[in-house]
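**Student:** Sharing a sequence plus its predicted fold:
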Amino acid sequence: MSSNVRVRFAPSPTGPLHIGGIRTALFNYLFAKKNNGAFILRIEDTDQNRYVEGAEQYIIDALNWCGLHFDEGPTKEADFGPYRQSERKSLYKVYAEQLIESGHAYYAFDTAESLDFHRKDHEAKGKTFIYNWHNRLKLVNSLSLSKEQTNDKLNNGEHYVIRFKTPQNQLLELNDIIRGNIKIDTNILDDKVLFKSDRMPTYHLANIVDDHLMEISHVIRGEEWLPSLALHQQLYDAFGWKAPEFAHLPLIMKPVGKGKLSKRDGDKLGFPVFPLSWNESKGYKEAGYFPEAVINFLSLLGWNPGTDQEIFSLNELIQSFDLHRVNKAGARFDPDKTKWYNQHYLQNKSDSELAELYMPTLIQKLGLDGEKLNTKTVEKVVSLIKERASFVNEFWDLSDYFFLPPSIYGVKAVKKQWKENTGELMNDVLQLIEPIKTYASENIENTIKEWITTNELPFGKVMAPLRLAIVGDLKGPHLFDIMEIIGKEQSISRIQKAINVLN
């Protein structure tokens with residue numbers, strides 16, 4: 001494919017970006033990069049009533065966090081800008097009037113009350129009111145009025161909208177890269193509003209004009225826009241422009257049952273649906289996910305690489321991506337699989353990277369003592385606990401005992417493991433470890449195990465209570481590795497405390 005591939009991600013700043021929006025942006029990004037093309041961010045803010053302060057910046061921050069850096073957009077102006085529709089609004093009226101002149105659109109002066117009356121009247125008769133060829137000549141518009149009457153209304157400043165004049169008795173043949181050929185009877189389509197009474201274009205007109213002026217080659221968007229495809233194709237034809245190629249992506253479905261994934265599903269089942277936090281809703285970033293894990297699991301929601309490969313770097317995705325391998329059917333969202341991806345990426349990070357990510361938590365939990373921590377010590381701790389974690393934010397619960405002595409002891413463990421003579425055995429262990437000069441895991445282990453064997457003691461009788469004394473419960477990695485990291489002084493102190501408290 002030639003390098004004149006230009007795609008756009010065009011969200012509305014009406015709230016936070018849903019994870020489905022990120023998936024749409026991702027597929028656009030992958031297609032652009034695969035074909036040495038441009039990935040453009042366009043903010044579709046023509047609906048000023050629904051505009052939400054901060055939403056545009058959220059969209060930009062979310063794309064950047066995911067590593068989907070756009071080539072052109074509101075903060076990267078280029079030859080095809082501006083990239084906010086509200087800054088382009090002077091353009092659209094010209095094109096709307098061009099359609100009126102060519103006979104493809106018309107002025108409609110119907111009031112909201114009049115249209116509401118027609119809707120209710122149709123409902124009462126068991127019908128659906130559609131503004132189109134069937135009744136347009138009975139309504140108040142420039143098709144039913146004379147030229148003079150129309151001009152009078154315009155000159156008097158009467159409110160109007162501009163509607164597209166859908167042709168009658170035509171069979172539209174549309175093509176979609178993912179869905180193949182689609183046939184639509186124009187008689188069932190309504191005459192959509194292109195230009196509103198507030199002098200702003202509707203999505204349909206602004207979208208087509210901008211895609212044409214920005215030389216968009218491929219429109220890759222969600223399935224919910226499929227019903228608009230007929231109008232969009234007709235608008236291209238009416239202007240005499242070459243339409244881009246269209247690809248409508250499948251929906252991301254709920255984890256259980258049917259229907260589109262929503263914020264409510266996330267709230268109910270306890271997983272994020274936004275890339276970054278928004279108000280009370282936690283995002284993937286704040287929940288501890290790595291952006292590369294989010295991109296990896298999203299890429300396989302609706303796209304099939306044709307192999308069994310499940311782990312892809314962004315570069316590998318770019319090389320492998322093909323729109324023809326995107327499925328028509330919706331893709332079920334699996335929260336457990338998202339955790340599996342994050343765990344994979346966590347396990348593959350170096351101990352030094354993970355230690356760096358863990359340090360802010362340690363400083364917060366330990367105060368100034370956290371700042372005094374030796375980075376190498378934290379790296380050792382991370383290396384011992386990371387295989388049990390899916391997220392860095394789980395590290396503290398898995399390793400707090402490396403940094404703080406136990407303040408309480410597991411009730412069940414004490415009941416089961418701390419017997420009448422356990423205190424004496426632990427005193428013996430103290431005598432064994434005090435003389436060890438090189439306090440290293442292997443030396444501690446050899447010394448204690450040799451003593452257990454010589455005295456023909458059951459291993460569990462010593463090892464379980466020793467772990468209880470060091471950790472506070474029967475959990476954690478190799479006990480002697482823990483003892484090496486906390487050091488001899490701390491080991492002795494913890495064993496003495498356990499003897500005093502548990503005897």
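**Tutor:** All right, it came through fine.
**Student:** Which residue ranges of the stretch 151-300 of the chain form helices?
**Tutor:** For the stretch 151-300 of the chain, helices defined by DSSP state H, counting those that start in this stretch occupy the ranges 203-213, 229-239, 263-269, 291-299.
**Student:** tell me what the first one is packed against?
**Tutor:** Counting by 3 or more C-beta pairs under 8 Å, 6 or more residues apart in numbering; DSSP states H and E, the packing neighbours recorded for helix 203-213 are helix 89-101, strand 193-195, helix 229-239. Yep, even glycine has a C-beta here, placed from its N, CA and C like the rest.
**Student:** out of those, deepest packed?
**Tutor:** Most buried of these by mean neighbour count (mean count of other C-beta atoms under 10 Å) is strand 193-195; its value is a mean of 23.
**Student:** Output the contacting helices and strands for it.
**Tutor:** Against strand 193-195 (3+ C-beta pairs under 8 Å, 6+ apart) you get helix 89-101, strand 161-164, helix 203-213.
**Student:** List of residues touching the helix or strand of the chain with the lowest mean pLDDT?
**Tutor:** Least confident helix or strand, the chain: helix 368-371 with a mean of 80, by mean pLDDT, DSSP states H and E. Helix 368-371 is contacted from outside by 359, 362-364, 403, using C-beta atoms under 8 Å, 6 or more residues apart in numbering.
**Student:** In the stretch 1-150 of the chain, mark out all the strands, start to finish.
**Tutor:** For the stretch 1-150 of the chain, the strands defined by DSSP state E, counting those that start in this stretch cover 6-9, 38-41, 105-108.
**Student:** ok, back up a step: with secondary structure and neighbour count as added columns, please give the contacts of helix 368-371 in TSV.
**Tutor:** Shown next, in TSV, are the contacts of helix 368-371 (DSSP: H, G, I helix; E, B strand; the rest coil; neighbours: other C-beta atoms under 10 Å):
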residue	secondary structure	neighbour count
Met359	helix	15
Leu362	helix	22
Ile363	helix	15
Gln364	helix	10
Phe403	helix	18
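**Student:** Report the contact partners of Glu238.
**Tutor:** In this structure residue 238 is Ala, not Glu. 99, 102, 104-105, 164.
**Student:** Leu298 now?
**Tutor:** 19, 22-23, 26.
**Student:** Which single one of those residues is nearest to Leu231?
**Tutor:** Arg23 (24.5 Å; C-beta to C-beta).
**Student:** Grab the nearest non-local neighbour of the closest one.
**Tutor:** Leu298 (4.6 Å; C-beta to C-beta, 6 or more residues apart in numbering).
**Student:** ditto for Ile188
**Tutor:** Ile130 (7.9 Å).
**Student:** cool, Lys260 as well?
**Tutor:** In space, Lys260 is closest to Leu251, 5.0 Å off (C-beta to C-beta, 6+ apart).
**Student:** now swap in Lys380 and tell me
**Tutor:** Closest to Lys380 by C-beta to C-beta, 6+ apart is Ile485, at 5.6 Å.
**Student:** hang on, the earlier thing: what's the least confident stretch among the helices of the stretch 151-300 of the chain?
**Tutor:** Mean pLDDT values for the helices of the stretch 151-300 of the chain show the minimum at helix 263-269, a mean of 89.
**Student:** Check the burial of the closest residue to Met200 other than its chain neighbours by counting its neighbours.
**Tutor:** With C-beta to C-beta, 6+ apart as the criterion, Met200 has its nearest non-adjacent residue at 5.0 Å, and that residue is Thr46. By other C-beta atoms under 10 Å, 23 other residues sit near Thr46.
**Student:** Leu139 too?
**Tutor:** 18.
**Student:** quick revisit: which of the contacts of Ala238 are buried, as a PyMOL select command?
**Tutor:** Burial among the contacts of Ala238 is assessed by 16 or more other C-beta atoms under 10 Å; the matching PyMOL selection reads:
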select buried, resi 99+104+105+164
